[in-house]
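A.B. asks: what follows is a predicted structure for the sequence shown.
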Amino acid sequence: MQLVPGSQLGVYVLQSMLGSGAFGVVWLASRADGMRVAIKVLHPEAAVSRESVERFRREAWALSRMQSPHIARMYEFLTGPPFGMALVMEYVEGELLSEVFKHGRFSVEDAVGLGIGILSGVAEMHQFGIIHRDLKPENVILRPDSHGWHAVIFDFNLSRIKNDLSSSSLTAMHSAIGTVPYMAPEQLVDARRVVESSDVYSVGAILYRAVSGAPPFGTKESLRDKLQHEARPLDTGRSDKVAKDFERIVGLALRRKPADRYAKAKGMLDELLRLVPGAAGK
């Protein structure tokens with residue numbers, strides 16, 4: 001079945017395409033009562049691949065357990081003819097963080113709020129033993145709210161369930177998966193080696209980019225540098241305590257060896273929350 005605006009999937013009518021990737025296409029859709037949702041449909045080409053199907057099912061499993069306002073929620077998992085497999089998810093209105101970055105840099109205070117939002121979602125994932133493995137600006141939306149905005153994570157297609165041998169086998173043919181500027185060094189060697197602190201590294205890289213204007217190893221980073229050397233210390237250009245503490249927190253998240261970072265997102269989140277009392281709702 002070729003999907004076009006007006007096609008019906010269950011009780012949902014497709015309105016417009018929101019984006020397309022290697023595994024699927026995402027549509028804006030609506031129900032008869034006016035509720036708008038995002039529907040991710042697995043590409044027919046991907047549906048013939050056992051690995052792609054298992055990744056899609058794992059994304060549904062991961063999303064179904066999340067309740068954080070900082071993670072796009074899943075409403076339904078649809079399967080069957082004529083469309084194959086589809087995830088019905090919360091439609092998050094807002095701007096991609098990658099697009100926001102094109103407008104300029106974040107202040108330290110805004111970056112702290114950004115980190116608190118992303119880490120709040122990642123901390124819940126880690127509670128369920130889920131490692132995202134592809135945290136990057138393209139997978140974060142800034143949703144407007146009464147405080148200005150808050151970060152929402154989406155796209156769990158590359159996520160891994162810790163200690164799940166079946167999810168480990170899905171990466172057996174790949175030395176690395178993810179997005180290089182935001183990937184932890186160990187993930188560059190073997191995606192099966194990622195742990196919770198690998199996600200922490202990715203958040204550190206996002207915050208580094210938010211304030212400095214470039215990823216930790218620059219726009220033309222050397223993989224060898226990333227594997228063999230520590231990231232350049234973040235320089236906010238400020239000398240006040242909040243800025244210096246922020247530099248230290250980001251630096252710790254970006255340590256080359258996993259054991260030298262925060263073990264899980266919760267540790268980094270707690271430190272950022274201490275910088276701005278009351279920022280937990282950001």
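C.D. replies: It's in.
A.B. asks: per-residue confidence at residue 46?
C.D. replies: On pLDDT, residue 46 comes in at 69.
A.B. asks: let me fix that: residue 92
C.D. replies: On pLDDT, residue 92 comes in at 92.
A.B. asks: show me where the stretch 101-250 of the chain dips below the pLDDT cut-off.
C.D. replies: Scanning the stretch 101-250 of the chain for pLDDT under 70 picks out 157-178, 191, 219-222.
A.B. asks: all helices of it, in order?
C.D. replies: Assigned helices in the stretch 101-250 of the chain, in chain order: 108-127, 165-169, 185-189, 196-212, 223-228, 241-253 (criterion: DSSP state H, counting those that start in this stretch).
A.B. asks: right, so the ones you listed: which one is the most enclosed?
C.D. replies: The highest mean neighbour count among these, using mean count of other Cβ atoms under 10 Å, belongs to helix 196-212: a mean of 26. No exception for glycine: its C-beta is placed from N, CA and C like everyone else's.
A.B. asks: just checking, what packs against that helix?
C.D. replies: Other helices and strands packing on helix 196-212, by 3 or more Cβ pairs under 8 Å, 6 or more residues apart in numbering; DSSP states H and E, are helix 97-101, helix 108-127, strand 130-131, helix 185-189, helix 241-253, helix 265-275.
A.B. asks: okay if I get those as a markdown table plus distance to residue 65?
C.D. replies: Shown next, in a markdown table, are the helices and strands packed on helix 196-212 (distance: least, Cβ to Cβ, whole Å):
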| stretch | distance to residue 65 |
| --- | --- |
| helix 97-101 | 24 |
| helix 108-127 | 9 |
| strand 130-131 | 8 |
| helix 185-189 | 23 |
| helix 241-253 | 25 |
| helix 265-275 | 16 |
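A.B. asks: before we move on, back to that, dump the helices of the stretch 101-250 of the chain to JSON lines, plus distance to residue 138.
C.D. replies: Formatted as JSON lines, those follow (distance: least, Cβ to Cβ, whole Å):
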{"stretch": "helix 108-127", "distance to residue 138": "13"}
{"stretch": "helix 165-169", "distance to residue 138": "22"}
{"stretch": "helix 185-189", "distance to residue 138": "17"}
{"stretch": "helix 196-212", "distance to residue 138": "11"}
{"stretch": "helix 223-228", "distance to residue 138": "19"}
{"stretch": "helix 241-253", "distance to residue 138": "19"}
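A.B. asks: residue 151: which of the ones you listed is closest?
C.D. replies: Residue 151 lies closest, by Cβ to Cβ, to one member of the helices of the stretch 101-250 of the chain: helix 108-127, at 3.3 Å.
A.B. asks: export that closest one as CSV, just CAs?
C.D. replies: Coordinates of each C-alpha in helix 108-127 appear next as CSV, following Å, rounded to 0.1, in the frame of the first residue of the first chain:
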residue,chain,number,x,y,z
VAL,A,108,24.8,28.7,30.3
GLU,A,109,21.5,29.0,32.1
ASP,A,110,19.5,27.8,29.0
ALA,A,111,21.9,25.0,28.5
VAL,A,112,21.4,23.9,32.1
GLY,A,113,17.7,23.8,31.5
LEU,A,114,18.2,21.9,28.3
GLY,A,115,20.4,19.4,30.1
ILE,A,116,17.9,19.0,32.9
GLY,A,117,15.1,18.2,30.4
ILE,A,118,17.0,15.7,28.3
LEU,A,119,18.5,14.0,31.4
SER,A,120,15.1,13.7,33.0
GLY,A,121,14.0,11.6,30.1
VAL,A,122,17.2,9.6,29.8
ALA,A,123,17.1,8.9,33.6
GLU,A,124,13.7,7.3,33.2
MET,A,125,15.0,5.2,30.3
HIS,A,126,17.9,4.0,32.4
GLN,A,127,15.5,3.0,35.2
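A.B. asks: quick one: it to helix 265-275, angle?
C.D. replies: Taking axes from the mean of the first three to the mean of the last three Cα atoms, to 10 degrees, one finds that helix 108-127 is oriented at 150 degrees with respect to helix 265-275.
A.B. asks: one step back: residue 150 is nearest to which of the helices of the stretch 101-250 of the chain?
C.D. replies: Per Cβ to Cβ, nearest to residue 150 of those: helix 108-127, 5.0 Å.
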